[in-house]
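Asks: Provided below for reference: sequence and predicted model.
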Amino acid sequence: MFTAVANRNLKEHNANFGSSIAENIDFLTAENQFVDLLNLDNLDQQVNQSPQRVESLEAAIAAALSLAYGDPAQPGDDTAHRFLQRILYRINRLNLFWYDSLNHYKNERSFYLQWLRDRIESVWQTWELKQLDIEQLQQQPVQQTLRAWYETDLDPEITDNKRFLRDELDREGYRRLLAIASLDGLVEASRMSRILGGASNEVQATLIRVLLEEYGNGRLARKHSTFFAKMMADMHLNTQAEGYFDLAPWQLLASINHNFLLTECKRYFLRYNGGLTYFEIAGPSIYTDYLIAAQRLNLSEDSSGYWALHIKEDERHGLWMLEDVALPLAEQYPDQAWELLLGYAQEKLIGDRAGNAIIQQIRQATEPLPAIVSPSLPEATTR
């Protein structure tokens, strides 16, 4: 499903960023082998009949798990992280429909793919949880803490990253920012749809209301991803979903994969909603940085309209998530309410890590992204 260009870009990335630890492990070949597996007919049957065909892939995954997550106190090898998160993403994306060939979904319920996903997730998530003080979170008064965090994250302090975005980001850096963020921005809120089914109540109704606004109340021209695509088109970027997959640092892929995990496992319902609460609260501050950068660069409204829209809507969504979702859930599940705090803290930690990686990539970029004439897009309107 991904092109030869993707393979070439990944090879260049590994050459530039791979550590000496992973020099003898060919993660590119292993990922290409995995892509070939996805396209097999009767994947499970073929693996069962010829287990030797996946031995090198499984060896690469085992090595990468050790390199990335062997020591929770260390950041781990970047190349190993990237390989694992790309494998996870390729599996997780099968939970969404991409309006492409139906043949691409023939292995979506493969037991072997589930086994690979669980093998990676179990080690990765153990590592992620050890980045936080779980015991301390369990001792916090949940509702009081959520309200305090809301006040802090609604108007955070100006960091070095914020100053860079507001004062230093140039036009090419802005284009690269859009390209990287498009992996999520062009399919915005898709994963959220996975947690909306079930019994009807006020929490469910609020979540559906948030999703409907993200989806423009069913009107493509008002859907938030349409505004994102218009920004990209105005900056001569590829507006195809996943068009810049190879630019995504592993930290961003980890953020996306973490959300896939939480939305696919209903046991993590509180964690997911805690994370979504942070995401909606923090959004206006982040989008303000991007809007200030666009205005400083004298970019058109089409090149920045998504940020302006989100600043207004997410201020409302953040309050909804706190008052009508997180706090009611804390009352309904008092013994597990601390998981809301865990989800909130994880979303902040993982999101900050992704943001740092994106800015680092922008700073280190030496070549501009190719200019692309995008096809015509639906008329976006705020009416």
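Replies: Here it is on my side, so go on.
Asks: element containing the spatially most central residue of the chain?
Replies: Centroid-nearest residue in the chain, with Cα atoms, centre = their mean: Ile256, separated by 2.5 Å. Using DSSP states H and E, Ile256 sits within helix 250-264.
Asks: tell me the buried residues in that helix?
Replies: Taking 16 or more other Cβ atoms under 10 Å as the neighbour-count basis, helix 250-264 is seen to contain the buried residues 250-263. Yep, even glycine has a C-beta here, placed from its N, CA and C like the rest.
Asks: try stretch 65-76
Replies: Neighbour-count burial for stretch 65-76, with 16+ other Cβ under 10 Å as criterion, is recorded at 65, 67-69, 76.
Asks: which of those residues sits closest to Lys162?
Replies: Gly76 (26.8 Å; Cβ to Cβ).
Asks: with adjacent residues omitted, what lies nearest to the closest one?
Replies: Closest residue to Gly76 apart from its sequence neighbours, by Cβ to Cβ, 6 or more residues apart in numbering: Ala68 at 4.1 Å.
Asks: re earlier: just confirm the residue nearest to the centre of the chain contacts Gly185, I think it does.
Replies: No - contact criterion Cβ atoms under 8 Å: Ile256 and Gly185 do not qualify, at 11.4 Å.
Asks: ok, back up a step: contact partners for the residue nearest to the centre of the chain?
Replies: Under the criterion of Cβ atoms under 8 Å, 6 or more residues apart in numbering, the contact list for Ile256 reads 89, 92, 183-184, 191.
Asks: just give me the neighbour total for Ser303.
Replies: By the criterion of other Cβ atoms under 10 Å, Ser303 has 21 neighbours.
Asks: number of nearby residues for Ala337?
Replies: 23.
Asks: export the helix holding Ile256 as PDB, just CAs?
Replies: Provided in PDB are the C-alpha atoms of helix 250-264 (Å, rounded to 0.1, in the frame of the first residue of the first chain):
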ATOM      1  CA  TRP A 250       8.500   7.500  15.700                       C
ATOM      2  CA  GLN A 251       7.200   9.700  18.500                       C
ATOM      3  CA  LEU A 252       4.300  10.900  16.400                       C
ATOM      4  CA  LEU A 253       3.500   7.300  15.300                       C
ATOM      5  CA  ALA A 254       3.600   6.300  18.900                       C
ATOM      6  CA  SER A 255       1.000   8.900  19.800                       C
ATOM      7  CA  ILE A 256      -1.300   7.600  17.000                       C
ATOM      8  CA  ASN A 257      -0.700   4.000  17.900                       C
ATOM      9  CA  HIS A 258      -1.400   4.700  21.600                       C
ATOM     10  CA  ASN A 259      -4.700   6.200  20.600                       C
ATOM     11  CA  PHE A 260      -5.500   3.200  18.500                       C
ATOM     12  CA  LEU A 261      -4.800   0.900  21.500                       C
ATOM     13  CA  LEU A 262      -7.000   2.900  23.900                       C
ATOM     14  CA  THR A 263     -10.000   3.200  21.500                       C
ATOM     15  CA  GLU A 264      -9.900  -0.500  20.500                       C
END
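Asks: avg pLDDT for it?
Replies: When pLDDT is averaged over helix 250-264, the result is 98.
Asks: returning to what we had before: out of the buried residues of stretch 65-76, which are inside helices?
Replies: Of the positions in the buried residues of stretch 65-76, 65, 67-69 sit in helices, assigned by DSSP state H.
Asks: nearest to Gly173, of the residues you listed?
Replies: Closest approach to Gly173 among those (Cβ to Cβ): Ala68, at 28.2 Å.
Asks: looking at it, that closest one is touching Leu88, isn't it?
Replies: No - distance between Ala68 and Leu88: 11.6 Å, which falls outside the contact criterion (Cβ under 8 Å).
Asks: measure the closest residue to Arg194 other than its chain neighbours to Ile180 for me?
Replies: The spatially closest residue to Arg194, leaving aside those adjacent along the chain, is Thr263, at 4.0 Å (Cβ to Cβ, 6+ apart). Counting by Cβ to Cβ, to the nearest Å, the gap from Thr263 to Ile180 is 22 Å.
Asks: Gln74 now?
Replies: Using Cβ to Cβ, which is the criterion applied here, Gln74 is 25 Å from Ile180.
Asks: next one: Ala30
Replies: 24 Å.
Asks: pLDDT weak spots in the stretch 51-200 of the chain?
Replies: Along the stretch 51-200 of the chain, no part satisfies pLDDT under 70.
Asks: for it, what spans make up the helices?
Replies: Chain-ordered helices for the stretch 51-200 of the chain, with DSSP state H, counting those that start in this stretch as the definition, fall at 55-69, 78-92, 111-129, 134-138, 142-154, 160-163, 171-185.
Asks: what residues does the shortest one touch?
Replies: Right, the one you point to is helix 160-163. When contacts are defined by Cβ under 8 Å, 6+ apart, helix 160-163 is touched by residues 289, 355-356, 359.
Asks: pull out the buried positions in stretch 150-163.
Replies: Using 16+ other Cβ under 10 Å, the residues of stretch 150-163 that count as buried are 150, 153-154, 161-162.
Asks: again with stretch 351-362
Replies: 351, 353-355, 357-359, 361-362.
Asks: stretch 37-53 now?
Replies: Neighbour-count burial for stretch 37-53, counted by 16+ other Cβ under 10 Å, picks out 37-38, 40, 43-44, 47.
Asks: now those residues in TSV, with secondary structure, pLDDT and distance to Met235?
Replies: Putting the buried residues of stretch 37-53 into TSV (DSSP: H, G, I helix; E, B strand; the rest coil; pLDDT from 0 to 100; distance: Cβ to Cβ, whole Å) gives the following:
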residue	secondary structure	pLDDT	distance to Met235
Leu37	helix	96	36
Leu38	helix	96	32
Leu40	coil	96	38
Leu43	helix	97	39
Asp44	helix	98	43
Val47	helix	97	43
